[in-house]
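Peer 1: After the sequence you'll find the predicted model.
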Amino acid sequence: MSGFEGNIQLVYVLAAALFVLGLHLMNSPATARRGNQVSMTGMVIAGVATLILLIHDGTVTTTGWIVLICGTLIGSAIGLYAARTVQMTAMPQLVSAFNSVGGGAAALVAIYDYINSESHAGGVLGSTTVFTLLDVLIGSVTFSGSIIAAGKLQGWIGGQPIIFKGSRLLNVALAVVAIGTAAFMLTTASLPALFIVVLAALGFGVLMVLPIGGADMPVVISLLNAFTGTAVAMAGFVIGNWALIIAGALVGASGGILTKLMADAMNRSLANIIMGGFGTGDSVVAVGAAADAHVRSIAADDAAIQLAYASKVIIVPGYGLAAAQAQHGVAELAKLLEDRGIEVSYAIHPVAGRMPGHMNVLLAEANVPYPLLKEMEEINPEFARTDVALVIGANDVTNPAARRPGNEISGMPILDVDQAKSIIVVKRSMGHGYAGLENELYFDPKTSMYFADAKKAMAELTAAVKTLVA
Amino acid sequence: MSTALVTDLTIFVLALLVGIEVIGKVPATLHTPLMSATNSIHGIVLAGALLIGLTAHNTVGYILAFVAAVFASANVVGGYVVTERMLKMFRRKAPEQHALETDTALNGHKGLKGILSRAGKARPGDTA
């Protein structure tokens, strides 16, 4: 390493330190924005350092400059457009798309490095080959897997688990081919073999995500996020760049932690989710609601009375709320109740939404102040002194059956909604939740079912409360 | 094992540990912006993409450099912009209904209300 390159590495370390500081500032909503700006500053510094290195080296051809500048401008324009126009409900897709291109770029860096060193004397067999292969493997899986995940979230590909005959066998075969070929390449340099690795890994990524149901998406996105980070770190090993190594490790750690949190919140092991197959995501299975005598249904006026004369209300939002675009309606109803001096807060289960923390962003967008958004551990003790728990589009995470052993959701951490003095559940029908299980909460004598689409229900409730208090 | 490799591995392991320590403290409320922020951080792969340019002197090299640059720059620019957009929405207090009303007044007719609200808006530190 020459003195100049050493100095550039130091600048990269400075950039990486700013990334860490930026992430540290994200430990509170009050400082999070500053954190993002600190991180951005680090990125600008790293970019400038790279540019200086390119200019100083002087080996970039004119065509090379044109290619790099055009590529960066086009990519930036795409990124800017996507970031400006995306709906908050579509955030998981966008994050997936960024995982995809990040992983893809990392794989390309390694592929280029392999091709480039093969054309030089001395060949490609060196200490970095193992990292090149890891980068290509992980980067390719991330690239194709994230595209499928984004497609599922966007509705281009069915949200249900897609399994065809022999798909698992094919997937295992692809994994064996990818890893086997990669192992072969550790001792024998071969460019065609590299392409086999890429293709097999791309195929594996597709088949890995296809069988995973919509409701498992928070785990999948987190996992692919961790993969992208790891791929970028591997790219850092390949080209000997500390900024990539550190940044990649940070993202890998973050993705790993979130994956574990999400899997724990669903009480399922990662292997179980990846092997997939059960659950259908958002589909509503309508069964005869009226026929069931144990369920008490309620009309808007009666629900409004309960809410308007409560002193403490907890709102329990689930993905159904976001799917029905009812977050603004909920916020409006909550505001109305607050204006009457009623204490309103929101109970957010870790997997409410399609990615970690998704529900919080959706409610923040609807102008709900973040201190009202309570995490599960924080809100659970409060249900006992709550007059009305209003459950909107959440199902399995409220099912008391989880406390008993012997069923699909046993042991899953749930919101203690059944402890509230009375419960109103807004739901389109008596359909089962993701786990395909009857929700015992609905049969609780304290529970009233309000059968309606979430958005419509919020409008009706708001109108009813307004009439009541006018 | 070369010294450079040992150094790289050391850096990797330490960065992982720092990552676990720092990210473990981020509240669940911010998990989506966190993932989006880490998303932009892995956009650092743009540096790797640009460095391809150092040795790319043929068509294959140029194509790979181009695609990698498009991917990585979309990642880094989009990531930061959308994270900023999200974090801007997180407020401690709900925006006052009153403020919203005077905003409309300001747009419609420039009465005393509009001027007052404009004066109010200009208060330093309001955006923080």
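Peer 2: Yes, it's here. Residues are numbered from 1 along each chain as shown, chains lettered A, B, ... in the order given.

Peer 1: Now residue B:40: closest residue in space, sequence neighbours ignored.
Peer 2: residue B:79 (2.8 Å; Cβ to Cβ, 6 or more residues apart in numbering or on different chains). Quick note: C-beta positions are derived from backbone N, CA and C, even for glycine.

Peer 1: Mind telling me what element the one you found is part of?
Peer 2: helix B:59-89 (DSSP states H and E).

Peer 1: Tell me, what's the model's pLDDT at the residue nearest the centre of chain B?
Peer 2: Geometric centre of chain B, nearest residue: residue B:80, 2.3 Å, by Cα atoms, centre = their mean. Residue B:80 carries a pLDDT score of 96 in this model.

Peer 1: That one touches residue A:38, doesn't it?
Peer 2: No: with contact defined as Cβ atoms under 8 Å, residue B:80 and residue A:38 do not form a contacting pair (11.3 Å).

Peer 1: Now for residue A:252: which residues touch it?
Peer 2: A:226, A:229, A:230, A:233, B:16, B:19 (Cβ atoms under 8 Å, 6 or more residues apart in numbering or on different chains).

Peer 1: For chain A, give me the ranges with low pLDDT.
Peer 2: Within chain A, the ranges that satisfy pLDDT under 70 run A:1-2, A:119-127, A:159-160, A:275-293, A:432-436.

Peer 1: domain parsing for it?
Peer 2: A:3-275, A:300-469 (automatic domain parsing).

Peer 1: Just give the closest residue to the closest residue to chain B within the stretch 301-450 of chain A, not the sequence neighbours.
Peer 2: Per Cβ to the nearest Cβ, residue A:357 is where the stretch 301-450 of chain A lies closest to chain B, at 2.9 Å. Once flanking residues are discounted, residue A:357 sits nearest to residue B:31: 2.9 Å by Cβ to Cβ, 6+ apart.

Peer 1: Could you verify my assumption that the residue nearest to residue B:40 touches residue B:45?
Peer 2: No: taking Cβ under 8 Å as the definition, residue B:79 is not a contact partner of residue B:45, at 11.3 Å.

Peer 1: ok so, going back, show the contacting residues for the residue nearest to residue A:357.
Peer 2: By Cβ under 8 Å, 6+ apart, residue B:31 lies in contact with A:258, A:261, A:355, A:356, A:357, A:360.

Peer 1: which one is the last one nearest to, not counting chain neighbours?
Peer 2: Leaving out its chain neighbours, the residue that sits closest to residue A:360 by Cβ to Cβ, 6+ apart is residue B:29, at 4.6 Å.

Peer 1: so where's chain B uncertain?
Peer 2: In chain B, residues with pLDDT under 70: B:1, B:95-128.

Peer 1: Can you name the residues that contact the residue of the stretch 301-450 of chain A closest to chain B?
Peer 2: B:28, B:29, B:30, B:31, B:32, B:33, B:34, B:35.

Peer 1: Now for those: which two are most distant?
Peer 2: B:29 and B:35 (12.8 Å; Cβ to Cβ).

Peer 1: More neighbours: these two, which one.
Peer 2: Legend: neighbour count by other Cβ atoms under 10 Å in any protein chain shown for residue B:29 and residue B:35, higher for residue B:35 (29 against 24).

Peer 1: Is that one in contact with residue A:224, as I believe?
Peer 2: No: if you go by Cβ under 8 Å, residue B:35 and residue A:224 don't touch, sitting 10.3 Å apart.

Peer 1: any common contacting residues for the two?
Peer 2: Counting by Cβ under 8 Å, 6+ apart, the residues touching both residue B:35 and residue A:224 are residue A:255.

Peer 1: okay, now residue A:20: neighbour count?
Peer 2: 22.

Peer 1: element containing it?
Peer 2: helix A:3-25.

Peer 1: ok and the very next helix or strand once past that helix relative to helix A:3-25, angle-wise?
Peer 2: Going down the chain from helix A:3-25, the next helix or strand is helix A:29-57, by DSSP H and E. Between helix A:29-57 and helix A:3-25, the angle comes out at 170 degrees (axes from the mean of the first three to the mean of the last three Cα atoms, to 10 degrees).

Peer 1: Determine whether any part of helix A:29-57 lies close to chain B.
Peer 2: Yes: with Cβ under 8 Å from any Cβ of the partner chain as the measure, helix A:29-57 is seen reaching chain B through A:29-30, A:32-33, A:35-37, A:39-40, A:43, A:46-47, A:49-51, A:53-54, A:57.
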